[in-house]
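A.B. asks: Provided below for reference: sequence and predicted model.
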2 protein chains.
Amino acid sequence: MNTQFDFVVDGGVTSPAGFTACGVCAGLKRNGNADMALIVSEQDCSFAGTFTSNLFPAAPVRYCREICATSKTVRAAVINSGVANACTGLEGYENTKRTAALVAECLGIEGSKVLVSSTGRIGVQLPMDKIEKGIRDGVKLLSHQGGSAAAHAIMTTDTRPKELAVSFVIDGKKITVGGCCKGAGMISPMMVTAPHATMLCYITTDAVCSNEYLAGVITKAVGNSFNKITVDNDMSTNDTVILMANGMSGVAVAESSKGSELFEKAVQMVAEHLARSIVFDGEGVTKFVSVEVTGAANDKDAELAARAIANSPLCKTAWFGCDPNWGRILAAAGYSGATFLPENVNLFFDDMPVVRGGLDAGTPEHELAELMKHREFSVKIDLGEACGSCTIWTGDFTYDYVKINADYHT
Amino acid sequence: MNTQFDFVVDGGVTSPAGFTACGVCAGLKRNGNADMALIVSEQDCSFAGTFTSNLFPAAPVRYCREICATSKTVRAAVINSGVANACTGLEGYENTKRTAALVAECLGIEGSKVLVSSTGRIGVQLPMDKIEKGIRDGVKLLSHQGGSAAAHAIMTTDTRPKELAVSFVIDGKKITVGGCCKGAGMISPMMVTAPHATMLCYITTDAVCSNEYLAGVITKAVGNSFNKITVDNDMSTNDTVILMANGMSGVAVAESSKGSELFEKAVQMVAEHLARSIVFDGEGVTKFVSVEVTGAANDKDAELAARAIANSPLCKTAWFGCDPNWGRILAAAGYSGATFLPENVNLFFDDMPVVRGGLDAGTPEHELAELMKHREFSVKIDLGEACGSCTIWTGDFTYDYVKINADYHT
């Protein structure tokens, strides 16, 4: 932990000044768990968003892109789990607009100041009667302690909520950045002023910022967090990361201003923590593996190799089985499209040598297997070409992944 | 079955005239199963090969490429399972050459007329004492009925041997094409005058052909068979397809000659049957799914979409669970990189409509789920752009895939 920052105990989206939130059970999930969340600011927020690059963006993604392009400020976000509202055509889009309008009506604000996100099953229309009841119930539950309830309500196959808030001081005044996210499967974000997967993430802050500045900050933070994770290489139709700044700390932060470095670092910390949390809680995941490629001809080659390894079913099942089987890792690098010479490749698990010059480095297999029993370890591969590098965070592939996804629907 | 062709009962690599083969237990596999095969022709063979495009080609792949480039003819092939002889450096390459030399010595031919293939664990050196004993035992067992024994001996995680032979008549003379292959995991061939995966395939014929003609025939056949399959999207270091023609039918076949169409069709039939057999016997596979993309902007886009769907863990687990969850299929097409408009997309399972114009086509889910219980079905997606098309054959993703691959080594 950087000592310039304080973690907020049990912090989340309501940790920054002036934000309220809630979670409510609207009846969208069969198991009766909470399935709608509201995040509301007492003042108008500047904001920026990044969204899935999937060709089938869900209705709320298309709607939010429009809000990003046309609204100067927002006040609230409404999120439902259980139904993704993707591949739902005009009716789906109208339902998203109606959802925003209902929230606006209940809060006495304009519809154009409400963001909407959905996650869950694709191809199903939102049950608008339930959505309406959820909103009307929700607005009564909004509270400054509601961040955690919101984080719970947006979960789908997640096993636990994911939140974090950090604060720091500039000129004696405190700025707080808080966030929550959901995501466990269909995780391979690649957002353009936006990521991919159903992962949803809302980050709030009480700093005073322009939309343009927030867009730059969130794009960079997403590039170094959500766009670096993969659970199953399946990019979602609904991925969304939103950053909202209501200015209630009274402290202005702008490009290269005093405090901008701390602010950007805080957003990065929250985004990185939440992104890593998604992998740790990935569907069926028992191990967190950091795939670190260095020495590539360029960063693009490094990313090709890192993603090939991080998404290889053979590598992922071997990690699950604590099987050092490094041939699968080299094979994945070898078909990734990256250019390098096999005889220059070195491989390490954490700091333990596995391959030297393309050949077995001689570390006893039982030592490697022992290391792989850890909940978290690194696969570090040096391609021996030049200075290109890339790190991708991924998980293993397990019986539970199959169980969860062969059974999600029925 | 095309009526111009006859299937050879229990046919394989020894069905064409003048070929002998055997399988032998050299002790490379812990379970004591046969693990070496020899395929030998009574006369010199013209030949052609296609190999993995992985940057880590195994020693036998590098060796065979050299033989393809420098030898006019070959007489024999030796194949071992259990050890891949990949990532084994100079020692591995010398072991491959020594293997060829031992076979040549036993048969009284030149070393440059022996092809070598290996499949099994990467990063382990061949135990040359066992290899030598296997070869010396093997040459005594060579027989005209030995094709099936060879097909058994090259298996790794395969549950059954894969072979086929067909014959046809030109000018009253019979030509036979036979083949065998292995492969169940690390299957995503993409061979260049070659495919990817550890799949090994040997096809024999008694036609009289030039090496150049055979190279054209095998490249085309591989492109329409082995390069169209995927089990786990993991390309192997050892993929090899060899076509050997010993001329003993006395019938010459050349580019556009009389009979060339039949000959090429026969090679295609054998290759296609063997490729499909690999998917049917894929690690843990319970369902054979033909992913057929049409209406793409071009064939490249069609292939991008087909491979994204065929390799999607979410699609493959849903197929295992007989879950119609078509949103996962559209999402995969949507992130594949193919260009199309969501509202123009139609999807069918066999001939049952699933999606029309990007929306649910209304077929009751239980009817779709019922269809998905079949051992084999098609996922047909029309992107509504132009005439690009591609078909990829794949399997589902199951508990057994995880079990086999988390457990392969230890």
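C.D. replies: In hand now; what should we look at?
A.B. asks: Next one: the residue in the stretch 51-200 of chain A positioned nearest to chain B from A:P57, what distance?
C.D. replies: For the stretch 51-200 of chain A and chain B, the shortest gap (Cβ to the nearest Cβ) falls at A:I122, measuring 2.3 Å. From N, CA and C alone the C-beta is placed, and that goes for glycine too. Noted for A:I122: a distance of 12 Å to A:P57, by Cβ to Cβ, to the nearest Å.
A.B. asks: list the residues that contact both of these two?
C.D. replies: A:86, A:237 (Cβ atoms under 8 Å, 6 or more residues apart in numbering or on different chains).
A.B. asks: Up against chain B, what does the stretch 251-400 of chain A have?
C.D. replies: A:311-314, A:317-318, A:320-328, A:330-335, A:338-340, A:342-343, A:355, A:357-360, A:369, A:397-399 (Cβ under 8 Å from any Cβ of the partner chain).
A.B. asks: For ChimeraX, write the select line for the buried members of those residues.
C.D. replies: Remark: buried members of these, expressed as a ChimeraX selection using 16 or more other Cβ atoms under 10 Å in any protein chain shown:
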select /A:311,312,313,314,317,318,320,321,322,323,324,325,326,327,328,330,331,332,333,334,335,338,340,342,355,358,359,360,369,397,398,399
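A.B. asks: Out of the residues of the stretch 251-400 of chain A next to chain B, list just those in helices.
C.D. replies: Counted as lying in helices by DSSP state H, out of those, are A:311, A:313-314, A:317-318, A:320, A:327-328, A:330-335, A:369, A:399.
A.B. asks: which SS class is the residue nearest to A:L107 when sequence neighbours are not counted?
C.D. replies: Nearest non-adjacent residue to A:L107, counting by Cβ to Cβ, 6 or more residues apart in numbering or on different chains: A:A76, 6.0 Å away. Classification of A:A76 by DSSP: H, G, I helix; E, B strand; the rest coil places it in strand.
A.B. asks: Would you mind measuring from A:V241 to chain B?
C.D. replies: Note on A:V241: its distance to chain B, by Cβ to the nearest Cβ, to the nearest Å, is 17 Å.
A.B. asks: Let me see the contact set for that residue.
C.D. replies: A:V241 makes contacts with A:49-51, A:181, A:191, A:194-195, A:199-203, A:218, A:222, A:226, A:271, as judged by Cβ under 8 Å, 6+ apart.
A.B. asks: OK, contacts around A:V354?
C.D. replies: A:324, A:326, A:347-348, A:360-361, A:363, A:368.
A.B. asks: before we move on, what about A:G123?
C.D. replies: The contact partners of A:G123, by Cβ under 8 Å, 6+ apart, come to A:86-88, B:326-327, B:330, B:355, B:359-360.
A.B. asks: In the stretch 301-410 of chain A, what residue comes closest to chain B?
C.D. replies: For the stretch 301-410 of chain A, Cβ to the nearest Cβ, closest residue to chain B: A:G327, 2.3 Å.
A.B. asks: Pull up the residues of the stretch 1-150 of chain A that are close to chain B.
C.D. replies: Going by Cβ under 8 Å from any Cβ, the residues of the stretch 1-150 of chain A near chain B are A:53-56, A:84, A:86-89, A:121-123.
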